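J.: Predicted model, plus sequence, below.
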Amino acid sequence: MYGRARCRTLPRGKRNSLEKKISNSEVPGSKKSNHKLNFWNPGFFLKSEFSTCQFNYLLHTFFVSSSLQKITMRFLLTSVLFLLLLPLHAQLGKQKNTTRYYEFKAVYDSAEGINIYEKLNFAMGGDSVRNTPKGYAAQGIWEDYYKSGAVLHTGYYVDGTLRTYKNFYENGQVEREFRNVDYFRNEMILYWINGKVRSDIIYYQGESEVDHEYYENGNPDYAEEYAKKCEYLLYRTSWYENGKMANDLQLVDKKKKKYYLKEFFENGNMQDEGTMQYYAEIDNFMKEGSWKVYDENTGKQTSTQEYVRNQMTEEKKIE
């Protein structure tokens, strides 16, 4: 009962009459019926004495009802969007670097792999910027090639620095791929030329948080993991190329930062085992307390040794 009055729809007959008047450039409902429809004159709407319904109907007729006006508005809107998106498409499209081609031996290092782009990797401490042939900071996707024509590198650049990328061997096999895990973490996966994983490392703000490395035959080589935000080490394990464990360091006392280490001979027999204490002031581990030593061939214990800060203070032989 006290709600806002709603605009009623005009009867069909009155709508037809109103449309006719509008088409004749007259404003219905005004005291002077000879007002011209000058839409570009702001005073037109102030001087004309419209009712709310008549004004809404006029807007509806002008902007919606006319098929020609619909087409015109859509064309204008499409044109504006095209002009706005054209530079973005040109920027983000794949850019091919045809100014220089590379030899595989010039970009590959047997120990580090293809690491010539690491200086452009801002997340990993890179401090260099890639520029276009015209001297501008590279934007969007860029590709580099070997002299053979094979793709060497595909990377997404922002202001000349890498965000995500892949490097390739000349045979087309991926050599490494780098991606963002979240705002603080990145993942780098390296591959051997045979396609097997060489290493898979997750970095937290540039520091290794989870690291798994492998031999070319696929056997595990090394693994370590830190607590979230790289606060302290959880475990560290390494293997021989034959797949047998070489050593295994495990956290046993989080508060005191004490670890237990087991070391093995290549034949799989235990070499020694005991407690390792982490000292923050030197950022390293030292032997502490009792250690057991074993024979390589028989695997039997041969002695017990006592340590204080990595210095053996006593040894008891076992016959």
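T.: Perfect, I can see it now.
J.: how's the chain carved up into domains?
T.: Residue ranges for the domains of the chain, per automatic domain parsing: 12-65, 232-319.
J.: Lowest average pLDDT across these?
T.: When these are compared by mean pLDDT, domain 12-65 comes last with a mean of 47.
J.: Spit out the contact partners of K255.
T.: Contacts for K255 (Cβ atoms under 8 Å, 6 or more residues apart in numbering) come out as none. The way it works is simple: take the backbone N, C-alpha and C, and place the C-beta from them, glycine included.
J.: mind pulling up the phi and psi values for it?
T.: Backbone torsions of K255, given as degrees, to the nearest 10, read phi -70, psi -50.
J.: how close does it get to Y232?
T.: Distance from K255 to Y232, counting by Cβ to Cβ, to the nearest Å: 10 Å.
J.: again, but for S128
T.: Going from S128 to Y232 by Cβ to Cβ gives 33 Å.
J.: Ok, D182 next?
T.: Distance of D182 to Y232, given as Cβ to Cβ: 21 Å.
J.: okay, the two: which has more neighbours?
T.: Y232 (12 against 7; other Cβ atoms under 10 Å).
J.: Pull the contacting residues for the more buried one.
T.: Y232 touches 226, 251, 254, 257, 278, counting by Cβ under 8 Å, 6+ apart.
J.: what about the third one, how many neighbours?
T.: Neighbour count for K254, taken as other Cβ under 10 Å: 11.
J.: Excluding chain neighbours, what is closest to it?
T.: Spatial nearest neighbour of K254, excluding adjacent residues (Cβ to Cβ, 6 or more residues apart in numbering): Y232 at 7.4 Å.
J.: And the one you found, how close does it get to F285?
T.: 12 Å.
J.: shared neighbours, the two?
T.: With Cβ under 8 Å, 6+ apart applied, the overlap between the contact sets of Y232 and F285 consists of Y278.
J.: Pretty sure N167 sits in a helix.
T.: No: N167 is assigned strand when assessed by DSSP: H, G, I helix; E, B strand; the rest coil, not a helix.
J.: Who are the contact partners of it?
T.: N167 is in contact with 113-114, 117, 152-153, 174-177, counting by Cβ under 8 Å, 6+ apart.
J.: And the residue nearest the centre of this protein?
T.: N180 (2.3 Å; Cα atoms, centre = their mean).
J.: Next one, pLDDT for that residue please.
T.: We have a pLDDT of 93 for N180.
J.: wait, doesn't it sit right on V158?
T.: No: counting by Cβ atoms under 8 Å, N180 stays clear of V158, with 11.5 Å between them.
J.: Where does S148 sit: helix, strand or coil?
T.: Quick answer, by three-state DSSP: S148 is coil.
J.: Give the closest residue to it in space, chain neighbours not counted.
T.: Nearest one to S148, counting by Cβ to Cβ, 6+ apart, is E170 at 6.2 Å.
J.: Who are the contact partners of the closest residue to G195 other than its chain neighbours?
T.: Once flanking residues are discounted, G195 sits nearest to Q173: 5.5 Å by Cβ to Cβ, 6+ apart. Counting by Cβ under 8 Å, 6+ apart, Q173 touches 191, 193-195.
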